[in-house]
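[1] sequence and predicted model, in that order:
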Amino acid sequence: MKKPILILMLFLASAVASHAAEFSPTLLTIEADPVIMYEFDGEPITIPVEIGGTPASVVFCLYTDGMADTITNTVNGFLGWHQVNKVDTCLYYSAQHDFDPGPNLIIWDGLDLDGAVVPSGTYTYYLWGHDNKSLIQRAARYVDVLSVGRISHIRDTDTNGLPLANPIWHTNSERWLIGNNPENESLLSQTAITLPSGWEIRGIPALDPADFNYEYINVANVSEKQGSLMKLCFVPDGEAEICTDWGAEAPFAELYSTHDNISAGVVSDGRYLYTTNMGKLESYVPESDFYIYSMDGAIVKHIDLSSWWCLKEGYPEGAFLNGGPDVFFERHGKLLLGGHISCLCQMIDPHRFLESADSEEIFVWSNGNGDFFLDNGFAATATHKWVCNSYDSDQKASVALDDMLFSIVGLYVSARKSFAVTGPDGTGIGYFKVNNERNGDYTKADGLVRGVTIIDSGTAFDGLYCDNRGFRRFGCSSGIDYGEPIEDFRNGLYFLGHDSIRGQISSCADYVGPPGNITLIAPAGGETIAAGQETDILWSVTGSHYIAEHVTIEYSPDNGKTWETLDAVVRAKDGRFVWQVPTIISTECRIRISDLRNITPSAISENVFTVDVPSSVEDAAPHTFALSQNSPNPFNPVTTITYNLAREAHTTLSVYSVSGQKVETLADDFMLAGRHNAVFDGSNLASGIYFYRLEAGGMVKSGKMMLMK
């Protein structure tokens, strides 16, 4: 097998080659006060909203706050097709507001969707928006968005969960770095895949969360009625290598029964692999399965979803027994499921299910008729009244989730709408269109949008990404000649701006604090900590859905006059950081933990603590783990970083941008104890603040430096 590091270097080299004409979109940003006070008296309230970058169509939503656990497995809606389970629910959503960049206003009348006054309390508000005026911008021309019948996925975080400098668009056999020159076909990385006889690939792949050189694919042998997963090593411009030592039935994962070649593919959250399986649309066997696999290829759990995705016996002629799911998307451990021939959208939480062992716990929400949303079964023109699995449904080409868990559903063929949006509980928010200047007339070769996916992890490329498929490709089978596809718009991946934010609306009487809070537990005020020793910095997070994924930890030896960064990118949910206490004695020490995005107030030790000498010589560390301030600082363009290791250990020294993107790895090797130097060259970087992070022997230190050109 080829060395993975060489494969990755060949792939990443394309980013350098494309630098001269790289894709660099203007991002849409939405800003509003994180906490809005309101007396809930039925009088209108004006909410200032700042739009940045591009114009935006914005929707305001009001949700319950902290009530999820009281909303247990509630089934309602027409025909009982709507289900919510332990998720805060929508009380109100507005019409679409068209805003230009700059200050704008949203006026809410204080009423819910039924026209009743919303009771006094504390609620979550959301603002969801996309750029509905600017022409979509091509991000990649030569990627094959039609290869699997729907748009493929984009990986936007690295193996540590931090934003990727260049997100990776990928199918089973193609990869493209977002940011590359869209018109340079040579930058498309491809591999050939040869499977064992009788086996074929189904759906999208999942990149290995620990090593992007590898990917997991769903495969089926229909003649043998078997389905499974396989692991491949992606070899650019070569033959992909099947990992023959992976899987419970190597080179296959544990096998399962299947009757067709339809599957959404594979996604992963880093802890498990997830895949789907469905039967033929016109089968007589109800088949809708969801499988949870361990990362080594064993089935952890099989969940039968047929009660939601399959019609009962006696379904009418022209409808379909099995409706999916055949498209899905993962974010924050939640999975959104959709089907191209079903009215159903569904969010599931596999971790909640595995922890409780209760099959009902897997469902977060299910939306069959969606309050007459994503379905046309109610229409007078419907061929099959209220039959979910039929062509009366809004056919779904793709599904995606943004950072706030709003669902974006790409639709197959419609000159009136490009995609639909549902809230975090499945409530239908609205239908939206993109501007490609060719999607308003069925009589032309429009290049209509069908597939939509999203980057939303704090990268320089955050936004919605869609295809621009020629309408003729779909319509010629009906005998209608739509003309030749327009050359400039017939294929590829396109960008349009998107953003969503949340905060709280509360009455003065009910407000209990900021919408999220970090509380420092240790070191506590007044205690004494031994110099040169390891100690734990501990914290807790409340209102965690308002906290950024990462926090910064800082130390002050002089009661807050100056601060040293201990680590710039620590996962907020970890709650623990091992600190190598400095040898400098001080009675005025403080620790500060702050949200990386500065959304919430910093947590600071309430009283100063003391760093003093150890109680005995035996307690003192024989060597010091230390990271010095880079020199010179500020620098242009070269600086030296000096560090000291207390003992021999595998050591990494990495540089990050202020947004958390890794820009360079300066060291990644086994090193001896003692003093070391690393030279950092910022010639190819923009001026600004950068962090450097040292990890060795389970200890971590970080520093901050400034590049000034």
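    Okay, I see it. Numbering: from 1, shown residues only.

[2] which residues in the stretch 1-150 of the chain form strands?
    Applying DSSP state E, counting those that start in this stretch to the stretch 1-150 of the chain gives strands spanning 29-31, 35-37, 45-52, 56-64, 74-76, 82-84, 90-93, 97-99, 102-108, 122-130, 137-140.

[3] the ones you listed: lowest mean pLDDT?
    Confidence, taken as mean pLDDT, is least for strand 74-76 of these (a mean of 78).

[4] ok so, going back, would you turn the strands of the stretch 1-150 of the chain into JSON lines with mean neighbour count and distance to Ile292?
    Every residue, glycine included, has its C-beta placed from N, CA and C. Compiled in JSON lines, those are given as follows (neighbours: other Cβ atoms under 10 Å; distance: least, Cβ to Cβ, whole Å):
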{"stretch": "strand 29-31", "mean neighbour count": "18", "distance to Ile292": "35"}
{"stretch": "strand 35-37", "mean neighbour count": "14", "distance to Ile292": "39"}
{"stretch": "strand 45-52", "mean neighbour count": "16", "distance to Ile292": "40"}
{"stretch": "strand 56-64", "mean neighbour count": "22", "distance to Ile292": "29"}
{"stretch": "strand 74-76", "mean neighbour count": "12", "distance to Ile292": "24"}
{"stretch": "strand 82-84", "mean neighbour count": "22", "distance to Ile292": "20"}
{"stretch": "strand 90-93", "mean neighbour count": "20", "distance to Ile292": "29"}
{"stretch": "strand 97-99", "mean neighbour count": "18", "distance to Ile292": "41"}
{"stretch": "strand 102-108", "mean neighbour count": "14", "distance to Ile292": "41"}
{"stretch": "strand 122-130", "mean neighbour count": "25", "distance to Ile292": "30"}
{"stretch": "strand 137-140", "mean neighbour count": "21", "distance to Ile292": "32"}
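
[5] so which of these is nearest Gln533?
    strand 35-37 (40.1 Å; Cβ to Cβ).

[6] could you dump the strands of the stretch 1-150 of the chain to a markdown table with distance to Tyr216?
    Shown next, in a markdown table, are the strands of the stretch 1-150 of the chain (distance: least, Cβ to Cβ, whole Å):
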| stretch | distance to Tyr216 |
| --- | --- |
| strand 29-31 | 34 |
| strand 35-37 | 42 |
| strand 45-52 | 38 |
| strand 56-64 | 35 |
| strand 74-76 | 34 |
| strand 82-84 | 30 |
| strand 90-93 | 35 |
| strand 97-99 | 41 |
| strand 102-108 | 43 |
| strand 122-130 | 31 |
| strand 137-140 | 23 |
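
[7] ok, which of those strands comes nearest Phe378?
    When those are compared by Cβ to Cβ, strand 82-84 sits nearest Phe378, at 13.8 Å.

[8] run the chain-centre distance for the closest one.
    24 Å (Cα atoms, centre = their mean, to the nearest Å).

[9] elements contacting that strand?
    Applying 3 or more Cβ pairs under 8 Å, 6 or more residues apart in numbering; DSSP states H and E, we find strand 82-84 packed against strand 74-76, strand 363-367.

[10] now for the ones you listed, which one comes closest to Ser197?
    Nearest of the helices and strands packed on strand 82-84 (Cβ to Cβ): strand 363-367, 39.1 Å.

[11] got a list of what Gly497 touches?
    Residues near Gly497 by Cβ atoms under 8 Å, 6 or more residues apart in numbering: Pro25, Thr26, Leu27, Leu28, Gly53, Thr54, Ala56, His130, Asp131, Ser134, Gly463, Leu464.

[12] number of residues surrounding the second one?
    Residue crowding around Thr26 was assessed by other Cβ atoms under 10 Å; the count is 15.

[13] just give the closest residue to it, not the sequence neighbours.
    Gly53 (4.9 Å; Cβ to Cβ, 6 or more residues apart in numbering).

[14] quick check: that neighbour touching Ile30?
    No: with contact defined as Cβ atoms under 8 Å, Gly53 does not reach Ile30; the gap is 9.6 Å.

[15] what's near enough to touch the closest residue to Gly42 other than its chain neighbours?
    Using Cβ to Cβ, 6+ apart and skipping residues adjacent in sequence, the residue nearest Gly42 is Val117, 4.2 Å away. Val117 sits next to Phe40, Asp41, Gly42, Gly110, Leu111 when contact means Cβ under 8 Å, 6+ apart.

[16] quick one: closest of the strands of the stretch 1-150 of the chain to Gln395.
    strand 82-84 (19.9 Å).

[17] direction included, what does the closest one pair against?
    strand 74-76 (antiparallel), strand 363-367 (antiparallel) (DSSP bridges).

[18] in TSV, list the ones you listed along with distance to Asn166.
    As requested, the strands paired with strand 82-84 are arranged in TSV below (distance: least, Cβ to Cβ, whole Å):
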stretch	distance to Asn166
strand 74-76	43
strand 363-367	32
